[in-house]
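1. what follows is a predicted structure for the sequence shown.
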Amino acid sequence: MSSLNQDIETIAAAKNAAGSPWDAINPESAARMRAQNKFKTGLDIAQYTADIMRADMAAFDKDKTKYTQSLGCWHGFVGQQKLISIKKHFGGKTDRRYLYLSGWMVAALRSDFGPLPDQSMHEKTTVANLVEELYTFLRQADARELGGLFRALDAAREAGDTAAEAKIQDQIDNHVTHVVPIVADIDAGFGNAEATYLMAKQMIEAGACALQIENQVADEKQCGHQDGKVTVPHADFHAKLRALRYAFLELGIDNGVIVARTDSEGAGLTKEIA
């Protein structure tokens, strides 16, 4: 990632090439705006967080003390405040701390039908919309924090405090984003393999780098601790896993993560004999 000063030089060069119509543009102001908008799209976020998650998985394989912690979130503001608190209490770091977007939480707190049990009766697009909302709030937290650093930098310059200026500049150039991986629950896929593929694309485009799916019948889905679960044959579940992988590959997130969960031990029935 380029430093703020490198961006200032790049923008200044573009301004000079453009000529007098750009005289009122301050290259440093533009560079600061660019720093506050590091992630332009949900796919930028999905790729950035997939890289983090894969590195964390490799570290955990080598050392089981390097586990991650995932916090449940049902609103963008809640997710934002959690990450602000994490950075405050863990030395400005967000290492190995994710957000978990659970289907039961969405059903209970975000469905237009009102509070519901965890049976996939909420709207299909609710989870994707919440992923987008969470990342909007996390990006806002970045902009807010960087804005404070920019004001502190201006104050240090005005006071002629070069030591403080250098320290703040280093904080800006090495800013730790509030954007962390989200594990998004796609339940049982909300339909057949094609429906799973389309829903996965929406979630990934919103920024999700990890999708959790279970092998229950989509329209008979029950929460993990409930009785009455009905599972699908292996071939049906494999088709949905391939649908998720195709969605990741189509959108260019080649290292996206799939969390495949089986409910076979807790199920009383399977849909059909394979």
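-> Good, I have the coordinates.
2. point out where the stretch 1-150 of the chain drops to low pLDDT.
-> Within the stretch 1-150 of the chain, the set of residues satisfying pLDDT under 70 comprises 1, 17-20.
3. what do you get for the stretch 151-274 of the chain?
-> Within the stretch 151-274 of the chain, the stretches with pLDDT under 70 are 224-225, 268, 272-274.
4. where along it do the helices fall?
-> Along the stretch 151-274 of the chain, counting by DSSP state H, counting those that start in this stretch, helices occupy 162-173, 193-206, 234-250.
5. put together JSON lines for those helices, with mean neighbour count on each row.
-> C-beta: built from backbone N, CA, C; applies to glycine. As requested, the helices of the stretch 151-274 of the chain are exported to JSON lines (neighbours: other C-beta atoms under 10 Å):
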{"stretch": "helix 162-173", "mean neighbour count": "14"}
{"stretch": "helix 193-206", "mean neighbour count": "21"}
{"stretch": "helix 234-250", "mean neighbour count": "17"}
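6. and L101, how many neighbours?
-> 28 (other C-beta atoms under 10 Å).
7. list the contacts of it.
-> Neighbouring residues of L101 by C-beta atoms under 8 Å, 6 or more residues apart in numbering: G72, C73, V127, L130, V131, L134, I182, V183, A184, D185, A208.
8. the fifth one against L211, yeah?
-> When you say that, I think you mean V131. No: at 10.2 Å, V131 and L211 do not qualify as touching, with contact defined as C-beta atoms under 8 Å.
9. quickly list what's touching both of those two.
-> Contact with both V131 and L211 is made by residues A184, M203, according to C-beta under 8 Å, 6+ apart.
10. spit out the contact partners of the residue nearest to K124 when sequence neighbours are not counted.
-> Counting by C-beta to C-beta, 6 or more residues apart in numbering, F190 is the residue found nearest to K124 once chain neighbours are left out, at 4.7 Å. F190 sits next to S120, K124, T196, M199, A218 when contact means C-beta under 8 Å, 6+ apart.
11. what separation do you get for the fourth one and E158?
-> Same thing as M199. Counting by C-beta to C-beta, to the nearest Å, the gap between M199 and E158 amounts to 52 Å.
12. for the last one, same thing?
-> When C-beta to C-beta is applied, the distance between A218 and E158 equals 61 Å.
13. those two: which is more packed in?
-> Neighbours were counted for A218 and for E158 using other C-beta under 10 Å; A218 has more, 18 against 9.
14. ok, for the more buried one, nearest residue in space, not its chain neighbours?
-> Leaving aside its sequence neighbours, A218 sits nearest to A188 (C-beta to C-beta, 6+ apart; 4.3 Å).
15. number of residues surrounding that neighbour?
-> A188 has 26 neighbouring residues, counting by other C-beta under 10 Å.
16. please put the alpha-carbon coordinates of stretch 152-160 into PDB.
-> The C-alpha trace of stretch 152-160 is given here as PDB (Å, rounded to 0.1, in the frame of the first residue of the first chain):
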ATOM      1  CA  ALA A 152      -3.600  16.100  14.800                       C
ATOM      2  CA  LEU A 153      -1.100  16.200  12.000                       C
ATOM      3  CA  ASP A 154      -2.200  19.700  11.000                       C
ATOM      4  CA  ALA A 155      -1.900  20.800  14.700                       C
ATOM      5  CA  ALA A 156       1.600  19.400  15.000                       C
ATOM      6  CA  ARG A 157       2.700  21.200  11.900                       C
ATOM      7  CA  GLU A 158       1.200  24.500  13.000                       C
ATOM      8  CA  ALA A 159       3.000  24.100  16.400                       C
ATOM      9  CA  GLY A 160       6.300  23.300  14.700                       C
END
